[in-house]
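Generate coordinates for the sequence data below:
(chains A and B)
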There are 2 protein chains.
Amino acid sequence: MPLEWSGLSPELLLTIDRGSAEGLRAQLERQIRDAVRTGRLEVGERLPSSRELAARLGLSRGLVQDCYAQLRSEGYLATRVGAATTVAAGACPSPAPVPPPPAPPRLLADFRSGVPDLSSFPLADWLWATREAGRAMAVTDLDYGDPRGAPALREVLAGYLRRVRAAAADPQRLVVCSGYAQGFALTLRALAATGVRVLAYEDPGSPGPTRAAAARAGMTAVPVPVDEHGIDVAALAATGAGAVLVTPAHQWPTGVVMTADRRLALAEWAERTGGYVIEDDYDAEFRYDREPVGALQGLAADRVVAIGTVSKSLAPALRIGWLLCPPALVGLVVTGKHLDDRGSPTLDQLALARLLECGRYDRHLRRMRALYAARRAALVDALARHAPELRLTGLAAGFHAVLHLRTAEERHVVRQALTRRVGLYGMSANRTTGRADPPRLVLGFGNVTERAVPEGIAAVADLLR
Amino acid sequence: MPLEWSGLSPELLLTIDRGSAEGLRAQLERQIRDAVRTGRLEVGERLPSSRELAARLGLSRGLVQDCYAQLRSEGYLATRVGAATTVAAGACPSPAPVPPPPAPPRLLADFRSGVPDLSSFPLADWLWATREAGRAMAVTDLDYGDPRGAPALREVLAGYLRRVRAAAADPQRLVVCSGYAQGFALTLRALAATGVRVLAYEDPGSPGPTRAAAARAGMTAVPVPVDEHGIDVAALAATGAGAVLVTPAHQWPTGVVMTADRRLALAEWAERTGGYVIEDDYDAEFRYDREPVGALQGLAADRVVAIGTVSKSLAPALRIGWLLCPPALVGLVVTGKHLDDRGSPTLDQLALARLLECGRYDRHLRRMRALYAARRAALVDALARHAPELRLTGLAAGFHAVLHLRTAEERHVVRQALTRRVGLYGMSANRTTGRADPPRLVLGFGNVTERAVPEGIAAVADLLR
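Below you'll find the model as predicted:
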């Protein structure tokens, strides 16, 4: 029986596998859809009658009829009364599949900042907390929840922030979010709604992400210099900004702590101008020489939005953070969170609450402080051995430090190091102005093992001079 | 020893508890911060010397000195050389705590739509999948991930969407998000970036959330009527909209399926005008009388953004959804996701991938289809008994149906039902225009037990006439 169909016999276009777990009708439907999408069957092309196709493929006519009916109701096929079934006008070929991106190269040592030691993630504790939280959860906890986050987590977290960060933390002004990026985006959109048009940020800082987030909120971002006491508040006042992003506990990336005078000047600036301070409290859990300085938020809770996250204390992949909002902004932030994603995943929140409550979170932090302090010591040692003439600055805190180069050029060092499979990062990426300043590297030691630290430094030592 | 300090002796302002787990210095610091924040200690007020305070509280002088130093570095206290320690100017009292909102009333039966049966959530399966995924996870999976989502989930999900929704699903054009709300918000911002200014949406539909999301993306939202074949494509074309939000598989809330003619007309409209179709594929897993109609996305993958979610198939609290993007939008959507929250939680994604892979997700859906079909039958029965003269419409699908009232007024019925502890919801909340249309109720039966359905209907039967 000759059959005109794309110049191919149906047996070549369609292959029915009777051994497959996929039903016969599903196979037939899928293959006809694919033939339309890939353009093997073209718009207007006639299909064999259900009787013909059934006979050729050894299927029942009813099955082919059901298949044609399904594809007609989905718009792939069309049948005019008394005429043949054709490929419907409007059924377009699908775009070609996109290949996945290539994997990044493996490094001997990667001194990237901002990532904690991922291999120390307390997986067993997290799974335990998830199970416990899941079992204790009420059925109503599975519904859309309060966009501010699970009340149980907000309660426990407020207690934690009061205790560990000396924050003025009220659960009703705490909003759970998915990490710093979302917390910052929500804050900027809330501020934009109150009329803030200019955001100031620290220089050095994170110009790329900060400027991109400001642009997304319709704001202009202006850099303000940081010195060894923290941000220059007089320079901030001169910008006319309505809000400023700061890292008081451990300035990113210079590693200085904001002094009391600057804290008070910043609080005074906010009070006087009606401005807001956004406090990125990103790694304040980790200070190795003394108690960390309390959050600026505790000093001026009416004018500071404090953003925290477990990305540094546990792992970025958990995507849990929080915002401690001033009364004037909390409503706008909550509305934004509700519109953006209706709230963060509840079970994850309840697991974190459990981890905080039972003391395992604190225990993990104690273990991590010892580990990072050892890595920092390894870095100090390795540099003292291989590049004793270079200065390393930054508090004994967090997991990065700043290496001051002397004659070497940042970009050259970074590029050459990569050929030796060592990831190095120049300070100029953190600068908005003053890119001609003395060359410096920002060395992250969070996710490099204590053994890889000296290996990595040894491999690039000659480049650093 | 008389001591001038807020007119109170230090013993009244500060209470040191030697039996507490909190260290003595932490207690002292916390209590002084609280006294500053609550205004019990005022700006400029002198504190006792460290020697005096130590003696009065029976603490070591060094401890009090450390405490004062910490509070100075945080900006609460100030000391001028040779002068007393005072409360620093700039340390502001904190806002008063906000009471939590009241709990909603308990209902006999709540016919709210859009919520699945929460008590059927497969908690044991979910915890199992989380544990399995956690144990199989690579250390690098704990880092910030691909903003499009975990490759493992995108791979499995694409296969699922091809198989179950007849979608043209390519993992590289699939973006994992936190549910419909985020998927929609990301789509609108991506469309706004391509110049779309007007969004059309179905009427009846979800005017409130749709208009709010459009406004947040800087767009105008215009309603387009829906009839028994789906959205009126001629009316859509007349609006000049650049994008349209539709629910083809099971129109929300009328419950009709979009016909093949309308599907093709919509694809043709998009092709001709360069417009985009946003397909909210919210409950397509649940059809009780036949195979669900495939996603519109499969028919016009270049012009349709399909948004899916596990909010109806598993639980809203998981906050997992996905976007299947046309090639021209995927980059913008991914950039938006990266800026908004850097990606969804990885472990949750890997758990869902595991659940899909091992067949437990399909098994759960089969169980739920039987359960919802039974609830729908109970609703049909209860109405046939108590209000036989009223018409119930909507496909045998999802978990809502539309009840056509005759003389009763929607708002009156809804208000009176609440006094009998039955949650009813009027169609007018879903209307943008035509609020004077015949009164209808949208009855959700997803989260009402099979027993509560007839009880609830019996309790309000006289109101429905």
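
hey, let's count contacts and neighbours off CA atoms from now on
OK.

Check whether A:Val196 really touches A:Ala221, as I assumed.
No. A:Val196 lies out of contact with A:Ala221 (Cα atoms under 8 Å); the separation is 11.1 Å.

Get me the contact residues on the stretch 201-350 of chain A for chain B.
With Cα under 8 Å from any Cα of the partner chain as the criterion, the stretch 201-350 of chain A meets chain B at residues A:209, A:212-213, A:259-261, A:263-265, A:267-268, A:293-296, A:298-302, A:315-319, A:326-327, A:339-347.

Now which of those residues would you call buried?
Listed as buried from these are A:212-213, A:259-261, A:263-265, A:267-268, A:293-296, A:298-302, A:315-319, A:326-327, A:339-347; burial here means 16 or more other Cα atoms under 10 Å in any protein chain shown.

Return the subset of the residues of the stretch 201-350 of chain A next to chain B lying in helices.
Counting by DSSP state H, those place A:209, A:212-213, A:260-261, A:263-265, A:267-268, A:327, A:339-341, A:346-347 in helices.

so where's the stretch 351-465 of chain A uncertain?
Flagging of the stretch 351-465 of chain A using pLDDT under 70 yields the residue ranges A:434-436.

So which residues of it form strands?
A:391-393, A:400-404, A:422-423, A:440-444 (DSSP state E, counting those that start in this stretch).

which one of those has the most crowded surroundings?
By mean neighbour count, with neighbours taken as mean count of other Cα atoms under 10 Å in any protein chain shown, strand A:440-444 ranks first of the strands of the stretch 351-465 of chain A at a mean of 25.

Now do it: distance to the chain's middle.
22 Å (Cα atoms, centre = their mean, to the nearest Å).

Chain A - how does it break down into domains?
A:1-98, A:109-114+A:363-464, A:123-358 (automatic domain parsing).

For my notes, please list these in CSV and give distance to B:His400 for each entry.
As requested, these are exported to CSV (distance: least, Cα to Cα, whole Å):
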stretch, distance to B:His400
domain A:1-98, 22
domain A:109-114+A:363-464, 47
domain A:123-358, 17
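
Which one, of the ones you listed, ends up nearest to B:Tyr276?
Nearest to B:Tyr276 among these is domain A:1-98 (14.1 Å), distances taken as Cα to Cα.

Check A:Leu123 and give its pLDDT.
Here, the pLDDT recorded for A:Leu123 equals 98.

That one contacts B:Ala133, correct?
No. Counting by Cα under 8 Å, A:Leu123 does not reach B:Ala133; the two are 11.0 Å apart.

higher neighbour count, the two?
B:Ala133 (21 against 15; other Cα atoms under 10 Å in any protein chain shown).

For that one, which residues are in contact?
Contacts for B:Ala133 (Cα atoms under 8 Å, 6 or more residues apart in numbering or on different chains) come out as B:347, B:350-351, B:354.

go with 6 Å
Residues near B:Ala133 by Cα atoms under 6 Å, 6 or more residues apart in numbering or on different chains: B:350-351.

Doesn't it lie inside a helix?
Yes. Counting by DSSP: H, G, I helix; E, B strand; the rest coil, B:Ala133 falls inside a helix.

Next one: it from B:Asp66, what distance?
47 Å (Cα to Cα, to the nearest Å).

just A:Pro102 next, same as before
54 Å.

can you check A:Arg33 too?
For A:Arg33, the distance to B:Asp66 - Cα to Cα - is 74 Å.

Repeat that for A:Ala243.
33 Å.

Tell me which of the two has more neighbours.
Each of A:Ala243 and B:Asp66 has its neighbours counted (other Cα under 10 Å); A:Ala243 has more, 26 against 14.

Is it correct that that one is in contact with A:Gly275?
Yes. Counting by Cα atoms under 6 Å, A:Gly275 is a contact partner of A:Ala243 at 5.3 Å.

got the angle between the lengthiest helix in chain A and strand A:400-404?
Counting residues, the longest helix in chain A under DSSP H turns out to be helix A:360-386. Angle of helix A:360-386 versus strand A:400-404, following axes from the mean of the first three to the mean of the last three Cα atoms, to 10 degrees, is 20 degrees.

Now helix A:360-386: buried residues?
A:360-362, A:364, A:368-369, A:371-376, A:378-380, A:382-383, A:386.

and that helix, does that touch chain B?
No. Counting by Cα under 6 Å from any Cα of the partner chain, chain B is not contacted by helix A:360-386; separation bottoms out at 13.5 Å.

try stretch A:162-169
No. Using Cα under 6 Å from any Cα, we find that stretch A:162-169 stays clear of chain B, coming within 6.8 Å at best.

Pull stretch A:172-185 out as PDB, backbone CA atoms only.
This file holds the C-alpha atoms of stretch A:172-185, laid out as PDB (Å, rounded to 0.1, in the frame of the first residue of the first chain):
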ATOM      1  CA  GLN A 172       7.400  40.700  63.900                       C
ATOM      2  CA  ARG A 173      10.000  42.800  62.100                       C
ATOM      3  CA  LEU A 174      12.100  39.800  60.900                       C
ATOM      4  CA  VAL A 175      11.500  38.600  57.300                       C
ATOM      5  CA  VAL A 176      12.900  35.300  56.200                       C
ATOM      6  CA  CYS A 177      14.300  35.400  52.700                       C
ATOM      7  CA  SER A 178      16.400  33.300  50.400                       C
ATOM      8  CA  GLY A 179      19.800  34.800  51.200                       C
ATOM      9  CA  TYR A 180      21.600  38.100  50.900                       C
ATOM     10  CA  ALA A 181      20.800  38.700  47.200                       C
ATOM     11  CA  GLN A 182      17.000  38.500  47.800                       C
ATOM     12  CA  GLY A 183      17.200  40.400  51.100                       C
ATOM     13  CA  PHE A 184      19.100  43.200  49.300                       C
ATOM     14  CA  ALA A 185      16.700  43.200  46.300                       C
END
